[in-house]
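>>> Turn this into a model:
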Amino acid sequence: MLFVRLNLAESPWIGERYGIMATPTFGFFCAGKAVQSFSGAVYPSIIKTRVEEVLQHGAECAEMSSAVDYEISGYA
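Predicted coordinates:
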């Protein structure tokens, strides 16, 4: 599992790409594909539960997902 903290003021294209309209935004990805996000004030217990679910089912998700081809998306 990988956790990343991004500053959208330094990389605004990321916010545009994923439709981020509020901060903070917590995004969950599987094999390079966004699968869920939470924006604004979120109870820590909700984030903790989602992280635990991703850890438990991450391998299944990766097997059932296809990675985003960045060559054709316009984002390199």
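>>> okay, CA-based contacts and neighbour counts for the rest of this
Noted.
>>> Run through the strands of the chain in chain order.
25-30, 33-39 (DSSP state E).
>>> Dump those strands to TSV, plus mean pLDDT.
Shown next, in TSV, are the strands of the chain (pLDDT from 0 to 100):
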stretch	mean pLDDT
strand 25-30	85
strand 33-39	83
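>>> Determine which stretch of those strands is the most buried.
Of all these, strand 25-30 has the most neighbours on average by mean count of other Cα atoms under 10 Å, namely a mean of 16.
>>> what pairs with it, and is each one parallel or antiparallel?
Note on strand 25-30: by DSSP bridges, its sheet partners are strand 33-39 (antiparallel).
>>> Spit out the contact partners of Phe38.
When contacts are counted by Cα atoms under 8 Å, 6 or more residues apart in numbering, Phe38 touches Thr25, Phe26, Gly27.
>>> Adding distance to Lys48, write these out as TSV.
Converted to TSV, the contacts of Phe38 look like this (distance: Cα to Cα, whole Å):
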residue	distance to Lys48
Thr25	14
Phe26	11
Gly27	13
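>>> what about stretch 8-25, how long is it end to end?
End-to-end span of stretch 8-25 (Cα to Cα, to the nearest Å): 11 Å.
>>> Show me which positions of that stretch end up buried.
Gly15, Ile20 (16 or more other Cα atoms under 10 Å).
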